[in-house]
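A.B. asks: mind looking at a prediction? Sequence and model below.
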Amino acid sequence: MGTIVIEKTAPGLNTLPGDDVRQIMWRFADRYELQMLIQSTRGVARGPVARIVAAGGRNSHEWTPEKAALLAHFDESGITAAFLDPEFGGFIAGPKNLVLALMAFELSWVDAGAATCSLAGNLGLAPIHERGTPEQKARYVGGAAPLKPGENRKQIRAAFALTEPIPFVGVETGMLAGKVRVAEWKDGGEPVLQVDKRGRFITNMGFANIVAAAVESDDKRIKGSCMIILEETDPGKFDRGTPTKKLVHQLSSTNDPVFNLKVPAHRIIGGYTIKDGVIIPNYSHGEIIEAVFRRTRVTVGLMTSAKLLSAIEPVILYHRRRFRGGEGAPGTPRYELGLQQKEDVLHRLVDIWATGEASASLGFAAARLFDELDPLEKQKDQWLAEKKVTGRAAFKELAKKQQDALELLKLTLQPVGAREPNDTGVLQTDPLVQFVILDTLANVLCPACKLWNTGHGATMMREAVSLMGGYGVTEDCPGFLGQKWMDAQLEATYEGPEAVQRLQLSITMTNELFLAQFQQWILEVRRIASERPGTGACTLGTAMQLWLWTLNHVQTATDADGTKLYHKSRQGVTFPLADALCWLLAARQFVLDVIELDTKGAANPALADGLPGTVAFFTDLCHVQTARAAGEVGRICGEIVHGYNRHPAWDETSCHACYCAEELETLEGIIPGIDGSARAYSDVSEIRELHPLKAGPCVKFDGLEAFVRLRAKLDGCLTGCRLAKDRAAGALTKVMTREALDYPA
Ligand SMILES: Cc1cc2nc3c(=O)[nH]c(=O)nc-3n(C[C@H](O)[C@H](O)[C@H](O)COP(=O)(O)OP(=O)(O)OC[C@H]3O[C@@H](n4cnc5c(N)ncnc54)[C@H](O)[C@@H]3O)c2cc1C
């Protein structure tokens, strides 16, 4: 591993990072089929999709023929079939999380509504793909394959209907109004079910011919809830409803449908058994939704990352040309740099770029993790089935594997000489141990990337819009940045808004096995800090320690009234700590991806010339991002650790009492009058006389010494981060761009 030493003479960033760089960072350099698929998806995104947007196609809520024509492009380019296994007409074998993530990224580079239109079809099929019976998979997943020449059948287009009109299902997925009853059940025959479901905001409803709908039993003869497949031709009412008047993702179709249909019981997704005259679905709607969303949410997270990274070039182009109308001639700084002469625009763009990189790194890492997890999950299911254990008994079996996994992590932390070489062998090769390790991580990375990429990403998209001045809020803005800003807010909302992700994280991030891995990561980041200080890994490591210290602290700490701090109802504690973790995860993954680029990039001759400059620039971006993450973590942890203690010297009259004696000496003459007047005190004795201090220092450090030390250390670790930002800003003034974007505005 080469150590990067950044000096004034360090090589610069020649061009914006291209596919060769991304393939290494996001680890698909050896997957030629994905590289090809990216090219064809890009052709659709920057061709037909961009043309529709530029022609004002987003200005209607209706599902227009122009929008519908995109479906054919998706089919012809391989986008539709990429979701399908080869046995069902697809062309990529094995897990497809990374594939789908890369395609969503490409489409969202131009328009995330188009990405959603394609992905919502997969979402509609996902319950069947994840939990469907073999017959259901063959009929619906197989039926979704684009038609081959000479084939004469109606292609399946799916929608996913969970959300219901207010006051029913939204964030709370358990509050189902959709009902299922037995309509007919002849002796020995298959039951026919009556399904009543109203949907709200259901994507693809303008054209879908099947719907996977979540419903609850309204009949003693059906147990619990399920997801069920509705077909357009089923007897009864299949009303697509009115189009949603949305301000976002207008290239996808969204409606509020009404279903009132009779369907055979074999449509229950995953099948059912009958016991004592009661239909028992094999999976509740909750179980299916969990299996589906934990994968698809990663893809949504990457949509916002694509927006941020797609903003870099249009903003640079705009800034450089901004002042050309004046007196400056070619060759003068005013002509060549335009607005880039101003430090602020450069620094803000650096922040946007660093956020985009970190969020893409986090999202693609999560997608790859699910690719690794998928086959292990199948092995786990098979293992449990062979043992004939389900429910609580299955949970107990997996808990044993979790203990094994913890043991394995403990052993791997020991120096090689301190353990027998074979100590870890059995545990390391046990797929169930591997499963629980990766599953624990997936339970954190998925909500983290959905939450941070989209939530913080939407905020940073606003920054991008602001850098384009008035242009930013027009339809003509190059790169469609204004629309992308608003679209990002939908990505933060659908498939579970931020609160849902924070709720999930507040549980999964306290898992002992996750925290054991997190501790390992701290050591790893510390090692990186000594080898590559320019990445800001030192800051990151300290911020990780601070977060872990705070999480441990709040497990037992109470507030000033003696109430427990870490509790599911105390979202003021759990949610910010979840946010803080996301900052750390994203920054860490970005650092790891830059190391990967540095390590593997030299093997690619196409990169040879530009590699050192790109790595140096990315290293600076890492430093910017780790510093920003550390700042957020410090702020959040500080507020939580100190903020629930009551101030010892507070009373209703004097806020000055919070200054401890030593500080008063230094504040002499600068404290304004407490009555709100502008008067400054002349000396400390006057303050003392007027407002005698009622207690000692405002902060009680008892038991918090380690925290206070870490916070002070964190500040020190920021050394150099602004120099890195200056260098990155300088690179933005020199990097080569195209003359114009490769898609229309
Ligand atoms: C364009 C679009 C397309 C969509 N496509 C689909 C689709 O195809 N299929 C489908 O089923 N749904 C779809 N949805 C619905 C979407 O998933 C929901 O809107 C989303 O999950 C939030 O539900 P809600 O709007 O009812 O918000 P609510 O449940 O009303 O929540 C509103 C807000 O309250 C707060 N909140 C709620 N609960 C909690 C809590 N427990 N703790 C803390 N805060 C909380 C959060 O800030 C939350 O954002 C779509 C929505 C849109 C806008």
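C.D. replies: Ah, there it is. Numbers count the residues shown, from 1 in each chain.

A.B. asks: quick check, stretch 164-176 touching the ligand?
C.D. replies: Yes. Interface with the ligand: stretch 164-176 contributes 170-171 (CB under 6 Å from any ligand atom). Backbone N, C-alpha and C define where each C-beta goes, glycine included.

A.B. asks: please renumber the chain so that the first residue is 627 from this point on.
C.D. replies: That works, and once the first residue is 627, the last one we named lands at stretch 790-802.

A.B. asks: how about residues contacting that stretch?
C.D. replies: Here stretch 790-802 makes contact (CB atoms under 8 Å, 6 or more residues apart in numbering) with 788-789, 803-804, 823-826, 840-842, 851, 882, 911-912, 915, 1122-1123, 1125-1126.

A.B. asks: just those: which are in strands?
C.D. replies: 823-824, 840-842, 851, 882 (DSSP state E).

A.B. asks: with pLDDT added, can I get these in TSV?
C.D. replies: Shown next, in TSV, are these (pLDDT from 0 to 100):
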residue	pLDDT
K823	98
R824	98
A840	98
V841	98
E842	98
S851	98
D882	97
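
A.B. asks: may I have the beta-bridge partners of P907?
C.D. replies: Y898 (DSSP bridges).

A.B. asks: these two touch, right, it and I894?
C.D. replies: Yes. Using CB atoms under 8 Å, P907 makes contact with I894 at a distance of 5.0 Å.

A.B. asks: now do the shared contacts for those two.
C.D. replies: C852.

A.B. asks: so which of the ones in strands among the contacts of stretch 790-802 also contact the ligand?
C.D. replies: Of the ones in strands among the contacts of stretch 790-802, not one also sits near the ligand (CB under 6 Å from any ligand atom).

A.B. asks: pull the most distant pair out of the residues you listed.
C.D. replies: S851 and D882 (21.2 Å; CB to CB).

A.B. asks: look at those two and report which has more neighbours.
C.D. replies: Legend: neighbour count by other CB atoms under 10 Å for S851 and D882, higher for S851 (23 against 19).

A.B. asks: residue contacts, the more buried one?
C.D. replies: S851 touches 802, 840-843, 907, 910-912, counting by CB under 8 Å, 6+ apart.

A.B. asks: my read: K823 touches L788, true?
C.D. replies: No. Contact criterion CB under 8 Å: K823 and L788 do not qualify, at 9.7 Å.

A.B. asks: OK, now which residue of the stretch 877-1026 of the chain is nearest to the ligand?
C.D. replies: T880 (4.5 Å; CB to the nearest ligand atom).

A.B. asks: and for the spatially closest residue to that residue that is not a sequence neighbour, the neighbour number?
C.D. replies: Using CB to CB, 6 or more residues apart in numbering and skipping the chain neighbours, the partner closest in space to T880 is T870 (4.1 Å). By other CB under 10 Å, the residues close to T870 number 20.

A.B. asks: contacts only, for T870.
C.D. replies: Per CB under 8 Å, 6+ apart, neighbours of T870: 687, 827, 880-882.

A.B. asks: state the phi and psi torsions of it.
C.D. replies: phi -70, psi 140 (degrees, to the nearest 10).

A.B. asks: distance check, it against the ligand.
C.D. replies: 6 Å (CB to the nearest ligand atom, to the nearest Å).

A.B. asks: same check, this time on Y1097
C.D. replies: Counting by CB to the nearest ligand atom - Y1097 and the ligand are separated by 26 Å.

A.B. asks: just confirm that residue is within a helix.
C.D. replies: Yes. Applying DSSP: H, G, I helix; E, B strand; the rest coil, one finds Y1097 inside a helix.

A.B. asks: find the nearest non-adjacent residue to it, please.
C.D. replies: Per CB to CB, 6+ apart, closest to Y1097 is C1103, 4.9 Å.

A.B. asks: tally of neighbours for the one you found?
C.D. replies: 23.

A.B. asks: could I get the pLDDT score of it?
C.D. replies: pLDDT, C1103: 94.

A.B. asks: so where is the stretch 827-976 of the chain shaky, pLDDT-wise?
C.D. replies: 952 (pLDDT under 70).

A.B. asks: the same query, at a cut-off of 90, please.
C.D. replies: 916-917, 920-921, 949-962 (pLDDT under 90).

A.B. asks: is the closest residue to the ligand within the stretch 777-926 of the chain in a helix, a strand, or coil?
C.D. replies: The ligand sits closest to G796 of the stretch 777-926 of the chain, with a gap of 2.0 Å, by CB to the nearest ligand atom. Here G796 is recorded as coil under three-state DSSP.

A.B. asks: any idea how far R1018 is from G1105?
C.D. replies: Separation of R1018 from G1105 (CB to CB, to the nearest Å) stands at 52 Å.

A.B. asks: who's more crowded, these two?
C.D. replies: Ranked by neighbour count (other CB under 10 Å), R1018 and G1105 place G1105 first, with 24 against 8.

A.B. asks: how about that one, nearest residue that isn't a chain neighbour?
C.D. replies: G1105's closest residue in space is P940 (CB to CB, 6+ apart), at 3.6 Å.

A.B. asks: same deal with T667?
C.D. replies: In space, T667 is closest to E732, 4.2 Å off (CB to CB, 6+ apart).

A.B. asks: so, low pLDDT: which residues of the stretch 627-776 of the chain?
C.D. replies: Looking at the stretch 627-776 of the chain by pLDDT under 90, you get 627-638.

A.B. asks: quick check: residues of it near the ligand?
C.D. replies: A746.

A.B. asks: name the helix or strand for the residue in the stretch 627-776 of the chain positioned nearest to the ligand, please.
C.D. replies: Residue nearest to the ligand within the stretch 627-776 of the chain (CB to the nearest ligand atom): A746, separated by 5.5 Å. If you go by DSSP states H and E, A746 is part of helix 738-757.

A.B. asks: circling back to that earlier point, A helix includes the residue nearest to G1105, no?
C.D. replies: Yes. Counting by three-state DSSP, P940 is part of a helix.

A.B. asks: ends of stretch 841-853, how far apart?
C.D. replies: Terminal residues of stretch 841-853 are spaced 6 Å apart (CA to CA, to the nearest Å).

A.B. asks: list the buried residues of that stretch.
C.D. replies: 841-843, 845, 848-849, 851-853 (16 or more other CB atoms under 10 Å).

A.B. asks: swap in stretch 906-917?
C.D. replies: Neighbour-count burial for stretch 906-917 [16+ other CB under 10 Å]: 907, 909-915, 917.
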